[in-house]
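*Asks:* Fold the following and give me the result.
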Amino acid sequence: MNEQTDNFTPKTEPPASAAVEAKALAGEAMDRLAQKDRVLTEATMASKSKPLTDEQIFGIRQNAQDYLKKYKVAQNTVAAQTGLSASSISEWLCGRYLGNVEKVAHVVNDWMERDAQRRAARRNKDFIPTKMAEKIRSIVRLADKRMMMAAIVAPSGCGKTYVARVLAEEMRGVYLDCQIGLPPREFVLSLAQELGRESCGGTRAAAHRWIVQALAGTGRIIFLDEAHKLPIKTFDCVRAVHDGAHVPIVMLGTAEILRFVNDRGQGRGQFSSRSITCDLFESVAAARGGGGRRGGAAAQERLFSAEEVRAFFDSKKIKLHREALELLCHLANLPDWGCLRLIENVCESVFDIKPDTAVVGREDVMMALHLLRNSDAGRMLRRAEDEDEADADVAPAAIVA
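*Replies:* I've put the predicted structure just below:
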């Protein structure tokens, strides 16, 4: 069991001496990581200096075929991540490659090792029914029931992508990742491909007609993740699909998405009249603005409760000391910076530095934050330090389950 309790007493940041100690530990951790990397690099270089036998090359090829099949990795993905051409990967896997077979074997084997390490680093991603996740689910259900569009704004790293994927599978919907900022033609072609269209080319108009015909009468819900990255003209395509096929469309993203959806005024309103808008920042910001020095209502309006943070780490088999949970809960709820993804990365860094850690303590979290001080986690640490004194009277509310 985790060393945690349901009610905590107010905590302040460690004294200056503890901060200095955390920085020193972070420096030692960086040295250990560098030493491990040197040993691994030397071992890798030593192995590459020896020529591969035909039997070894055959074994690597078989392992690669099994690996791609097991994890459903496309050859194009391997090509993009290794710098090899897709045709070279294909021919090498089939044993028909006429170039430097041994070189490709080394490259593919290195790629498999890196990919396997990344997969091992991704701990269990079980769905945690946080308050935020349940709000997203409710809005999605409402949009589906009313056959409307919905715009859901939530902080990056809070789990909205995972919730969207879970709901898309539950509701037999279509999930489309818009991270690369799809222009109109690429958007309709990508959506058509997700719906099962065999051809990946053609005109935008032809793809749109195909989408409308494929969706007409189905009521099938569409999830557009990272929708705020779509160009303005692409939003017209989104509305055209909704109007033509009469299907619900859920757009998830950060605050930028509201610029497109809240289009009342100047004789417009094409989006706002068709959409349900859910801004998960709004109630939190409103609460923080009232009640004096972030007291009163702010204590009740948190992105994540202590119980949700605890459940999040329990699902990943990460044990926390009470004080570590308290600090991580505070960090997860920092406005603009806090989120589950960042505090997960911080704890994962602890295990990278100290693999044998059984229970993560507050000093481990501080060490990892100092180690990551040039990243978002580092900025989050500075925000936590800046706000700690002002939030001292709110700390108990932030960590009550």
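*Asks:* Could you list the low-confidence segments of the stretch 301-401 of the chain?
*Replies:* 301, 335-338, 373-401 (pLDDT under 70).
*Asks:* Could you do the stretch 151-300 of the chain as well?
*Replies:* Ranges of the stretch 151-300 of the chain meeting pLDDT under 70: 263-269, 281-300.
*Asks:* Which parts of it are helices?
*Replies:* 160-170, 184-194, 204-215, 232-245, 258-261, 282-289 (DSSP state H, counting those that start in this stretch).
*Asks:* Going by neighbour count, which residues in the shortest one are buried?
*Replies:* Neighbour counts using 16 or more other C-beta atoms under 10 Å place 258, 260, 261 of helix 258-261 among the buried residues. The C-beta positions use only the backbone N, C-alpha and C, and glycine is treated the same way.
*Asks:* do you know how far the residue nearest to residue 95 when sequence neighbours are not counted is from residue 363?
*Replies:* Among residues not flanking residue 95 along the chain, residue 61 sits closest, at 6.9 Å (C-beta to C-beta, 6 or more residues apart in numbering). According to C-beta to C-beta, to the nearest Å, residue 61 stands 47 Å off from residue 363.
*Asks:* Looking only at neighbour counts, state which of the two leads.
*Replies:* More neighbours surround residue 61 than the other of residue 61 and residue 363, with 20 against 17 (other C-beta atoms under 10 Å).
*Asks:* what's near enough to touch the residue most central in space within the chain?
*Replies:* Closest residue to the average C-alpha location of the chain: residue 157 at 5.2 Å, with C-alpha atoms, centre = their mean. Each residue near residue 157 by C-beta atoms under 8 Å, 6 or more residues apart in numbering is listed here: 339, 340, 341, 342.
*Asks:* same thing but 6 Å
*Replies:* By C-beta atoms under 6 Å, 6 or more residues apart in numbering, residue 157 lies in contact with 339, 341, 342.
*Asks:* repeat for residue 362
*Replies:* 323, 324, 327.
*Asks:* Let me see the backbone angles for it.
*Replies:* Main-chain dihedrals, residue 362, degrees, to the nearest 10: phi -60, psi -40.
*Asks:* From residue 368, how far off is it?
*Replies:* 11 Å.
*Asks:* Then residue 261?
*Replies:* 38 Å.
*Asks:* Could you report the pLDDT at residue 57?
*Replies:* Here, the pLDDT recorded for residue 57 equals 89.
*Asks:* Can you tell me how far it is from residue 106?
*Replies:* 10 Å.
*Asks:* Tell me which residues of stretch 183-198 come out buried.
*Replies:* By 16+ other C-beta under 10 Å, the buried positions in stretch 183-198 come out as 184, 185, 187, 188, 189, 190, 191, 192, 195, 197.
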